[in-house]
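> what follows is a predicted structure for the sequence shown.
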Amino acid sequence: MSDDPISDDDIAKALDAILDATADLGDVLCLVHASLERDASLAPQTLIDAVSANYETERDYANGGADQFVWNNGSASARRCGEAWRAAGAVENGDLLQQLA
């Protein structure tokens, strides 16, 4: 996704894809990002939390994995991210952070 604000047309296209059951990950992420930009949630909070947790962990995972994230950010952050991932269905990844915490 670019740094440009998500347009109303992009949101409408993503919503149409969801309603038509043809949505892909890009459509879902479009709605999550639009939710973060605007006052209204256009995606379920569970998905917003899971994507936010992914962004929070991304750098440490690239530099050393889950252990690195927990070491650098502490057990409270690891538990929060793990809970967000578990709630969105990424159970094994969520469990890993919970165990490392």
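It's in. The shown structure was predicted, so the numbers you read here are calculated from the model rather than taken from an experiment.
> quick one: the residue lying farthest from the centre of the chain from Asp27, how far?
For the chain, the largest distance from the centre (C-alpha atoms, centre = their mean) belongs to Asp20, which lies 22.7 Å off. For Asp20, the distance to Asp27 (C-beta to C-beta, to the nearest Å) stands at 10 Å. The way it works is simple: take the backbone N, C-alpha and C, and place the C-beta from them, glycine included.
> same question for Lys13.
Computed as C-beta to C-beta, the Lys13 to Asp27 distance reads 8 Å.
> between the two, who's got more neighbours?
Neighbours per residue, other C-beta atoms under 10 Å: of Lys13 and Asp27, the larger number sits with Asp27, 19 against 14.
> who's in contact with the more buried one?
13-14, 17-18 (C-beta atoms under 8 Å, 6 or more residues apart in numbering).
> quick one: which of those has the most company?
Neighbour max across the contacts of Asp27 (other C-beta under 10 Å) = Ala14, 24 neighbours.
> and it, what helix or strand is that in?
Using DSSP states H and E, Ala14 sits within helix 8-19.
> now swap in Thr46 and tell me
helix 45-64.
> now do Val28
Val28 belongs to helix 25-37, assigned by DSSP H and E.
> and that helix, what's buried?
Neighbour counts over helix 25-37 (16 or more other C-beta atoms under 10 Å) mark 27-35 as buried.
> so which of those comes closest to Ala76?
Closest approach between the buried residues of helix 25-37 and Ala76, by C-beta to C-beta: Val32, at 23.1 Å.
> next up, the contacts around that closest one.
With contact set as C-beta under 8 Å, 6+ apart, Val32 has these partners: 42-43, 47-48, 51.
> need the buried residues of helix 25-37 in JSON lines (columns: distance to Asp9 and pLDDT).
Shown next, in JSON lines, are the buried residues of helix 25-37 (distance: C-beta to C-beta, whole Å; pLDDT from 0 to 100):
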{"residue": "Asp27", "distance to Asp9": "13", "pLDDT": "96"}
{"residue": "Val28", "distance to Asp9": "17", "pLDDT": "95"}
{"residue": "Leu29", "distance to Asp9": "16", "pLDDT": "96"}
{"residue": "Cys30", "distance to Asp9": "11", "pLDDT": "96"}
{"residue": "Leu31", "distance to Asp9": "13", "pLDDT": "96"}
{"residue": "Val32", "distance to Asp9": "17", "pLDDT": "96"}
{"residue": "His33", "distance to Asp9": "14", "pLDDT": "96"}
{"residue": "Ala34", "distance to Asp9": "11", "pLDDT": "96"}
{"residue": "Ser35", "distance to Asp9": "17", "pLDDT": "96"}
